[in-house]
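# Here's my sequence, what's the structure:
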Amino acid sequence: MHKRLLLFLSTFVLVMAFANLASAQNRTVSGKVTDAGDASPMAGVSVVVTGTAIGTTTDAKGNYSLNVAPSARSLSFSFIGYTAKEVSLNGLSSVNVSLVAASNALKEVVVVSVGYGTLDKREVSSAITHVSGKELLTVSANNPLMSLQGKVAGLSITNTANGDPNSSPSIQLRGASSRNAGLGPLYVVNGIPGGNIDNINQNDIESIDVLKGGAASAIYGTRGSNGVIIITTKKGGSQSRFFYDGYASWDYVTNRLENLSAEDFVKNRVQNKQGQDYGARTNWIDAVTKSPAFSQKHTVQLSGGSARTNYFASADYRNADGIDLRAHKKEYGARISLNHTTEDNFLVATLNIAPRFLQTSNSDQGNFNNALTLNPTYPIYNSTGAFNYLNTGFFSNNPVENATVIKSESEIKELDVSGSLRANILRNLSTTVTISEISRSARNMNFSPSTLSSVVQANRTNQTNFARQEQQENDQKNVEWIGNYSLDLNKNHFKLLGGYSYALYNYKQFAAQNYDFPFDTYLWNNLGSGLYNGGAAGQGQSAVGSTQNGSTLIAFFGRLNYDFDNKYILTGSLRHEGSSKFGANNKWGNFPAISGAWRVSEEGFFKNSVPWINELKLRADYGVTGNQDFGNYLSLLLYGGAGYFPFNGVQYQVYGPSSNINPDLSWERAYNFNTGIDFTLLNSRLSGSIDYYVRTNKDLLGYYNVPLPPNPQSQTFTNVGTMKNQGIEVTLTGAVVKKDNFSYNISTAFSYNRNKFISFSNTLYKGATFQDVAGLPAPGSPGNIQRIAEGHSIGEFYTLKSAGVNDAGALLVYKKDGTIIPANQASNDDKQYVGNGLPKYNVSMTHNFRYKRFDLNVFLRGAFGYKLFNTPAFYIGTPSSQSDANVLKSAYDSNSKYAKLTSNSTTSVASDYFLESGSFVKIDNVAMGYTQPLNSKYLKSVRFYAAGRNLHTFTGYTGGDPDLVEVNGLTPGVRTSLNYYPSTLQIIVGLQATF
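Sure, this is the predicted structure:
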């Protein structure tokens, strides 16, 4: 051991001595960069020693100074919007350069994050979509990825409660990929895998790269199966800049479900003995709605520095209301990025710190559905002015009271810290160590007062008021060590990457609750004062609880990029990774990938024969990725409480096995194949890409029945099953008009995806050939309405097939033999496949206009070729709905098919009678701005802008906004809960100022 240590230290000292010797022989090259058009100095120009990572940027006067090695042959100068230039050194100590503005913005060099590094977009050989920060939608959203909605073909981003400031979107890439493991992508923020997406201000985003091809995401191994989203935030430069962005937004309820007014309820329900008139005239929906809901956000950014040291700092504040009475969110965030390069360019250090503090009041998303179904002749308040006690209808409670007096709040603290140190050992050899920590602490608080009408009405003497506190802590520590080596041999270009990754995850939770406090004013701040916190007459064990668990992930990885003459590109990578989550026999696995590309347009025969094609690249890639996004310790034999055993008059708690051991538990594997073409045509007026992919997920994770004994439990969590997704993705961008004072660009994204579940079994575990899912809740017993079956797609509706309505108002359905019977006489054997809730096609289109200082962006989005189960119509959309409950207007609309269902005998029988086309086209985002340059010493420019989101939806679906029905996950196209949160139209007005 000592010999190895001495050998390592000796080698390190020699390398450092050699590096210092090399740096001692460096020489300084300086100069000035100007605009070739007006000779004005250019600040922020990138100056790099060609073929290396050694470089600097010009200062405010266009000057630069750079230490270069004797072997340096040339310097490369680049700036966005200008044609890059390479200048030979030839022993010169002073190099002045003039840059020419690019004739077309589409010719700019696009740098793409590929995981553990970047590449010129022309060098990429896998399926990766790059989106710059300027392309993101103008939205007032809770999550920055909502601004990416519809921008990336194959990436599905949905939020079923946009008007709730505490809601989170569902994100899925290229279809569902698992049964019981995570379906979302891996987030990498500034190179840190597992980054916290909620701790990012949209204004701080420089670019987003989505790794869709398996060869690209395989470098992340067991976390890459569902794709990788790499977010790069803004960095500082040598030019000082102060920027402010502030906006106000208003959310208005739109496309909402319409129920009967009090007058219509009396006419249609009371007079038909389906309800009672209690005398009041209440619009419950209006009573629980805050429309418009107001939000505001303010961001300030400060950046600057020198050629050696630069910084970027931002701070943001957001205060947002939801459209329900209770929802609210207030957050404060900051981000600091520091970069420093030593005088000899040997060491480059970076530091990133991003704290965030959030205070939330959480919505009760069942309150709107409660308001929809309540008898509108009930008063909100009783004769004494207290909240009226309600005990009929679907939910039997007062939604205005719930939203006003019941509290559900959270205090959340987030902190992302990372630091890296890069050593440029040689001109073409560097190594970087990055250490980071991502932490989140959430304190959740709930309180229900003793004055609640249900408590008062029942004259309770115990379990009156209630309070609960819960503390959750998530922590992730990372160490990443990578090395980069590049080599150019004539026309052969090599880039070699090697690395080590270590990640430690830890989760802690503690919760306590109690009843019967002497004062409601204590809320959750004095749990010990409650009288119901233990003993035989109290809560016993459920009064308090805590847990802790964690996992470790270790990986070694490497990647080789090779190209010959910038024409033939080949990339290969391998990640060897181990996870503590896996069984003893499968701790480690290998994840290989290979991709290749041919830049046909660089061939001499092609350039001369097809001059109208500027760029044509054919590519193909194959990679194996994994999924380990499941609970900790599922491979182990765990013990848990199994009741109490009396012995000699004493109760002893008994422990026993609570799970089965599975030493063979492993990761899910995804075998990804992708082939595509990238092109630029007509002097860069039209560009795009086309991709075809096949992803086969094997060893799917899930619980399977096993015999008792020898197993202590009836189910084991194991790897069984196979699923397949395949599809086509197309993106196009065109410059329709290019004039000095007017330009019009258009871009579109199209995706087609088909899913098939191939098998539930393997050689060891035999499962059924199907699994019924999407169970509908009470009232009644509607049962499951979807089936995941071998040979079929996820999202298949499997229910009774309707045959119309008889004269008695009862639903008719087909039996298996084709005969027609009333729905209440059918059995499960009569169910059939009747449609699918997974969209076949997703399309978006962006129109960008610029006229002088005005800019206009119009974004359209749509989904086609799928069915939605109209859950509201099924429960409250027919005349036969529950007595004394309000219903939708469609129940008594003669033009609605649901008005025909008047018989109570088939009220709770689900069928395809309630399936409707979910296809829609949405005017999703329209943003307009005006920029005014200023000659002031202190203020350089101001921009005024306004935007509208979800302006109009064209659809035949009658259950509200079809976008509110989840299409990600394993039960697309159906709402399996009765919670309803209305859609909103959002108006934004803002100001940007650059100082």
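# from here on, contacts and neighbour counts on C-alpha atoms
OK.
# if I look at the most far-flung residue of the chain relative to its centre, how far off is residue 654?
Here the chain has its C-alpha centre computed as a mean, and the residue farthest from that point, by CA atoms, centre = their mean, is residue 648 with 57.0 Å. Using CA to CA, to the nearest Å, one obtains 15 Å as the distance from residue 648 to residue 654.
# for residue 448, same thing?
Residue 448 sits at a distance of 34 Å from residue 654 (criterion: CA to CA).
# same question, residue 885
If you measure residue 885 against residue 654 using CA to CA, the figure is 48 Å.
# Looking only at neighbour counts, state which of those two leads.
Shown here are residue 885 and residue 654; by other CA atoms under 10 Å, residue 885 has more neighbours (22 against 13).
# Was I right to think the more buried one contacts residue 371?
No: taking CA atoms under 8 Å as the contact criterion, residue 885 and residue 371 are not neighbours in contact, 10.2 Å apart.
# list residues touching both of the two?
Taking CA atoms under 8 Å, 6 or more residues apart in numbering as the criterion, residue 885 and residue 371 do not both touch any residue.
# check contacts around the closest residue to residue 304 other than its chain neighbours.
Take residue 304 and drop its neighbours on the chain: the residue closest to it by CA to CA, 6 or more residues apart in numbering is residue 240, 3.9 Å away. By CA under 8 Å, 6+ apart, the contact list for residue 240 reads 60, 302, 303, 304, 305.
# if you set the cut-off to 7 Å instead, what comes out?
When contacts are counted by CA atoms under 7 Å, 6 or more residues apart in numbering, residue 240 is found next to 303, 304, 305.
# for residue 934, same thing?
Residue 934 makes contact with 940, 941, according to CA under 7 Å, 6+ apart.
# got any ranges where the protein has weak pLDDT?
Residues of the chain that meet the criterion pLDDT under 70 lie in 1-25, 37-38, 53, 80-81, 102-108, 533-542.
# Correct me if wrong: residue 564 contacts residue 492.
Yes: in terms of CA atoms under 7 Å, residue 564 counts as a neighbour of residue 492; the distance is 4.7 Å.
# So these two - more neighbours on which side?
Legend: neighbour count by other CA under 10 Å for residue 564 and residue 492, higher for residue 564 (16 against 13).
# excluding its backbone neighbours, what's nearest residue 637?
Nearest non-adjacent residue to residue 637, counting by CA to CA, 6+ apart: residue 661, 4.5 Å away.
# Surely that neighbour forms part of a strand?
No: according to DSSP: H, G, I helix; E, B strand; the rest coil, residue 661 belongs to no strand; its state is coil.
# Now for it: which residues touch it?
Under the criterion of CA under 7 Å, 6+ apart, the contact list for residue 661 reads 635, 636, 637.
# So which of those are in strands?
In this view, those have no member that belongs to strands under DSSP state E.
# Columns neighbour count and distance to residue 690 on top of the residues you listed, output as TSV?
Formatted as TSV, the contacts of residue 661 follow (neighbours: other CA atoms under 10 Å; distance: CA to CA, whole Å):
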residue	neighbour count	distance to residue 690
635	23	41
636	17	45
637	15	48
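# Now for the residue nearest to residue 750 when sequence neighbours are not counted: which residues touch it?
Computed as CA to CA, 6+ apart, the closest residue to residue 750 that is not its neighbour in sequence is residue 843, at 4.5 Å. Neighbour list for residue 843: 749, 750, 751, 861, 862, 863 [criterion: CA under 7 Å, 6+ apart].
# now do residue 485
428, 429, 430, 495, 496, 497.
# Does it have any beta-bridge partners, and if so which?
Per DSSP bridges, residues listed as beta-bridge partners of residue 485: residue 429, residue 496.
# SS state for residue 222?
When the structure is split into helix, strand and coil by three-state DSSP, residue 222 lands in helix.
# Pull out the buried positions in stretch 477-493.
Residues of stretch 477-493 classed as buried: 477, 478, 479, 480, 481, 482, 483, 484, 485, 486, 487, 493 (neighbour count, 16 or more other CA atoms under 10 Å).
# Can you name the helix or strand that the third one falls in?
Taking DSSP states H and E as the criterion, residue 479 maps to strand 466-489.
# mind listing which of the contacts of residue 240 are in helices?
Secondary structure assignment (DSSP state H) places none of those within helices.
# can you tell me which of those are in strands?
Using DSSP E, these in strands are 303, 304, 305.
# quick one: the first one from residue 78, how far?
Taking CA to CA as the measure, residue 303 falls 20 Å from residue 78.
# more neighbours, the two?
Neighbour count, other CA under 10 Å: between residue 303 and residue 78, residue 303 has more, with 22 against 19.
# So the closest residue to that one other than its chain neighbours: helix, strand or coil?
Beyond its immediate neighbours in the sequence, the residue positioned closest to residue 303 (CA to CA, 6+ apart) is residue 312, lying 4.3 Å away. Under three-state DSSP, the three-state class of residue 312 is strand.
# Can you give me the neighbour number for residue 312?
Number of residues near residue 312 (other CA under 10 Å) recorded here: 24.
# Spit out the contact partners of it.
235, 236, 302, 303, 304, 336, 337, 338.
# Okay, and the beta partners of it?
Counting by DSSP bridges, residue 312 is bridged to residue 303, residue 337.
# how much space between it and residue 352?
For residue 312, the distance to residue 352 equals 9 Å [CA to CA].
# any shared contact partners between those two?
If you check residue 312 and residue 352 against CA under 7 Å, 6+ apart, the residues they both contact are 336, 337, 338.
# List the contacts of the first one.
In this structure, residue 336 makes contact with 312, 313, 314, 352, 353, 354, judged by CA under 7 Å, 6+ apart.
# Ok, residue 945 next?
For residue 945, the residues meeting the contact criterion (CA under 7 Å, 6+ apart) are 928, 929, 930, 989, 990, 991.
# is it true that it lies in a strand?
Yes: Residue 945: assigned to a strand according to three-state DSSP.
# Quick check: it vs residue 932, distance?
Spatial separation of residue 945 from residue 932 under the definition CA to CA is 12 Å.
# Ok, residue 767 next?
66 Å.
# the more surrounded of those two?
Per other CA under 10 Å, whichever of residue 767 and residue 932 has more neighbours is residue 767, with 16 against 12.
# Check the secondary structure at that one for me.
When the structure is split into helix, strand and coil by three-state DSSP, residue 767 lands in coil.
# wait, what's in contact with it?
The neighbourhood of residue 767, defined by CA under 7 Å, 6+ apart, consists of 760, 761.
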